[in-house]
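# need a structure here:
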Amino acid sequence: MMLYYRPLVQIGPARPDAALTLAGGWGWFTHVEVLSRNAPARIIDADQVPAPILGRLTAARPDIAGLSMGRPQIMGILNTTPDSFSDGGQHADIGDAVAAGQAMQAAGADMLDIGGESTRPGAADVAPQEEINRTAPVIAALRAAGMDLPISIDTRKAAVAEAAIGMGANLVNDVSGFTFDPGLATFCQKHGLPVCVMHAQGDPATMHLNPSYDDVLLDVYDALEGQIAALEMTGIPRGAILADPGIGFGKTQEHNLALLARISLYHMLGTPLLLGVSRKKFIGTIGEAPEPRDRTAGSLAVGLAGLSQGVQMIRVHDVRETRQAVALWHAAYFGSIL
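Below you'll find the model as predicted:
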């Protein structure tokens with residue numbers, strides 16, 4: 001029977017002497033929730049966790065694309081698509097995209113994530129060359145304009161990644177978890193690139209059609225562990241991998257909430273975690289905000305909840321508001337300025 005160990009994360013200035021630091025970051029824990037597929041959950045002292053797993057939970061995460069995983073990081077979303085659910089068409093022009101990227105940098109983004117293929121539910125595949133045309137020139141223009149932030153290319157395709165990296169991108173973020181294009185992991189390994197592996201059930205065109213799981217929390221964990229192990233087999237080290245449970249990707253509202261409530265389980269993967277919830281449908285449903293642009297407050301609330309469970313990076317549309325929220329979250333919990 002496989003057991004899963006979820007650290008019960010605490011934060012703040014006062015901590016017991018026996019507390020263990022979570023992933024080299026700002027969180028700590030003294031107890032762990034033990035989960036399995038065929039027994040009730042139970043709580044144990046952290047010192048009862050098997051040593052290899054405890055090592056994964058406590059080991060400091062290496063920097064990703066030059067960013068420290070020992071403090072919260074903000075990834076700004078810059079979609080160059082005509083049909084993304086929230087900002088489709090806003091940045092299709094290169095000048096508009098560059099201005100938006102510069103504004104995100106000024107607002108406090110730590111990284112930009114540039115995508116040329118919508119992954120909203122029901123979205124159709126985009127031909128690689130069209131995706132390249134939408135993304136590579138924007139990355140080149142940002143670099144030419146002096147952009148020095150790390151840039152992530154949000155793509156499932158090796159050809160798109162190759163063009164983006166050639167123009168100055170630093171990380172590959174694949175919503176398929178490197179299951180769509182077998183050449184993408186090989187390309188990333190060859191060039192020593194950090195990657196983000198996300199979980200999705202199905203592809204964007206079909207993922208919203210009756211997704212189902214035996215146990216969404218554990219099923220997603222197993223899928224991510226499998227894909228991370230597969231990436232390691234190609235030569236990409238675990239320390240160069242971000243893991244994303246894929247909120248909203250082939251998941252109902254009930255699934256999303258189950259993942260968010262126990263997202264600290266994914267520290268057992270031994271990688272930093274990325275959380276992308278910005279303006280998503282479940283926020284609008286719970287927060288009574290039908291329009292994506294009206295979901296900023298809900299997005300901030302869920303993002304801060306993720307940070308409180310030790311998530312290292314949050315992917316957002318509203319950078320300025322997120323930066324302010326993170327700064328005040330830290331000040332209120334720790335009594336100091338981040």
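# now the stretch 101-250 of the chain, which segments are flagged as low pLDDT?
Scanning the stretch 101-250 of the chain for pLDDT under 70 picks out the ranges 122-123, 204-205, 207-208.
# just the helices in it please.
Secondary structure of the stretch 101-250 of the chain (DSSP state H, counting those that start in this stretch): helices at 128-144, 158-167, 182-190, 216-234.
# Against residue 329, how distant is residue 69?
Taking Cβ to Cβ, to the nearest Å as the criterion, residue 69 is separated from residue 329 by 17 Å. All C-beta spots, glycine's among them, are computed from the backbone N, C-alpha and C.
# Now residue 8: closest residue in space that isn't a chain neighbour?
Among residues not flanking residue 8 along the chain, residue 31 sits closest, at 4.8 Å (Cβ to Cβ, 6 or more residues apart in numbering).
# how far away is the residue lying closest to residue 131 once chain neighbours are set aside from residue 139?
Distance criterion Cβ to Cβ, 6+ apart; nearest residue to residue 131, sequence neighbours excluded, is residue 116 at 4.2 Å. Residue 116 sits 10 Å away from residue 139, taking Cβ to Cβ as the criterion.
# cool, and residue 292?
Distance, residue 292 to residue 139, by Cβ to Cβ: 25 Å.
# Repeat that for residue 127.
Between residue 127 and residue 139 the distance, using Cβ to Cβ, works out to 19 Å.
# And the two? Which one has more around it.
The residue with more neighbours, out of residue 127 and residue 139 and counting by other Cβ atoms under 10 Å, is residue 139; that gives 27 against 11.
# The more buried one and residue 150 touch, don't they?
No: shown here, residue 139 and residue 150 do not form a contact pair, counting by Cβ atoms under 8 Å, at 11.4 Å.
# roughly how far apart are residue 318 and residue 166?
Residue 318 sits 30 Å away from residue 166, going by Cβ to Cβ.
# neighbour count winner among the two?
Summary of the neighbour comparison: residue 318 and residue 166, criterion other Cβ under 10 Å, with residue 318 having more neighbours (23 against 12).
# Spatially nearest residue to that one (excluding sequence neighbours)?
Using Cβ to Cβ, 6+ apart and skipping residues adjacent in sequence, the residue nearest residue 318 is residue 296, 4.8 Å away.
# correct me, but the one you found touches residue 321?
Yes: with contact taken as Cβ under 8 Å, residue 296 and residue 321 are classed as touching, separated by 5.6 Å.
# who does residue 73 bridge with?
Beta-bridge partners of residue 73, counted by DSSP bridges, are residue 313.
# Give me the distance between it and residue 67.
With Cβ to Cβ as the criterion, residue 73 and residue 67 are 5 Å apart.
# List the residues that are in contact with both of the two.
Here residue 73 and residue 67 have 110-111, 313 as joint contacts, going by Cβ atoms under 8 Å, 6 or more residues apart in numbering.
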